[in-house]
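Visitor: dropping a prediction and its sequence here:
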Amino acid sequence: MGEVLASHGLGIVYGGGARGSMGALADGALSKGGRVVGILPRFMADLEWGHPGLSELELVEDIRVRKHLMLTRSHAAIALPGGSGTLEELLEAITLKRLGLYLNPILLVNTRGFFNPLIDVLNHAIAEHFMDERHALMWEVVDRAEDVPDALNRAPAWGEEARAFAAV
C-alpha cells in the first residue's frame, strides 16, 4: 500500500509505528521516496515503537489526540486489515462522517475478504434501520492496494448536509 500511494504522489499520515503492517506501510512508501507523517502517542515512543525514518514524527499525549490528528491531517481514511485499533479508528471515521464532521473518503482495502464480516454488520445495521441507506455511500471497498488511487478519485462528495439524515 505504501509503495502504491507514494508512486501516485500521495503522502501518508499514519500512527507512526515501525512494526507490523504499520511499519510495512511506512517502509513501502519511504522506499519509493514518499512522504510519511507519523503521529505517535508518547507512551509508544517511550516503548520505542516509533518508526525512526519518517519524514515527520509528531508526538502526542494519547490515542484520542492521535486519532483526531490522523483524520484532520489527511485527505482520506484508508483501512487496511488490522486489529482492534484499526477497527476502532475505522468506526470512528464512519461515525464522524455520518454526523457530517468528517467529509473525506473512507476506503476499506478488503484483502482476502478481511472486512467482509464488518461490511455484513454495517449492511445489517442499515437493513434494521439503525442507519439510513445513504450511509452505505460513506465508504468504498476495494480488493487491492492498486485500486486505492482510482477509488480516491471517484469518491462521492460528502457534505455537512449528511446531518439531515444522521439521526434515524
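Guide: Looks like it came in fine.

Visitor: gap between the residue lying farthest from the centre of the chain and residue 109?
Guide: Largest separation from the mean C-alpha position in the chain: residue 128, at 26.0 Å (CA atoms, centre = their mean). Taking CB to CB, to the nearest Å as the measure, residue 128 and residue 109 are separated by 27 Å. (Glycine included, C-beta is placed from N, CA and C.)

Visitor: repeat that for residue 24.
Guide: Counting by CB to CB, the gap from residue 24 to residue 109 is 13 Å.

Visitor: comparing the two, which shows the higher neighbour count?
Guide: Comparing residue 24 with residue 109 by other CB atoms under 10 Å, the one with more neighbours is residue 109, at 21 against 16.

Visitor: nearest residue to that one other than its sequence neighbours?
Guide: residue 80 (5.1 Å; CB to CB, 6 or more residues apart in numbering).

Visitor: surely the one you found is in contact with residue 21?
Guide: Yes - Residue 80 lies in contact with residue 21 (CB atoms under 8 Å); the separation is 5.8 Å.

Visitor: higher neighbour count, these two?
Guide: More crowded of residue 80 and residue 21, by other CB under 10 Å: residue 80, with 21 against 16.

Visitor: and the longest helix anywhere in the chain, what other elements does it pack with?
Guide: As assigned by DSSP state H, the longest helix anywhere in the chain is helix 84-98. Of the remaining helices and strands, those touching helix 84-98 by 3 or more CB pairs under 8 Å, 6 or more residues apart in numbering; DSSP states H and E are helix 63-72, strand 77-79, strand 106-109, helix 116-127.

Visitor: of all these, which lies closest to residue 156?
Guide: strand 106-109 (11.1 Å; CB to CB).

Visitor: identify the residues contacting that closest one?
Guide: With contact meaning CB atoms under 8 Å, 6 or more residues apart in numbering, strand 106-109 is reached by 1, 76-81, 90, 93-94, 97, 115, 118-119, 138-145, 147-148, 151-152, 155.

Visitor: quick one: low-confidence residue ranges for the protein.
Guide: Scanning the chain for pLDDT under 70 picks out the ranges 168.

Visitor: residue 36: neighbour count?
Guide: Count around residue 36 with other CB under 10 Å applied: 24.

Visitor: hey, what's it bridged with?
Guide: residue 12 (DSSP bridges).

Visitor: my guess is it meets residue 58, correct?
Guide: No - assessed by CB under 8 Å, residue 36 is found out of contact with residue 58, at 11.8 Å.

Visitor: what about the residue nearest to residue 81 when sequence neighbours are not counted, how many neighbours?
Guide: Nearest residue to residue 81 in three dimensions, chain neighbours excluded: residue 114, at 3.9 Å (CB to CB, 6+ apart). Residue 114: 16 surrounding residues under other CB under 10 Å.
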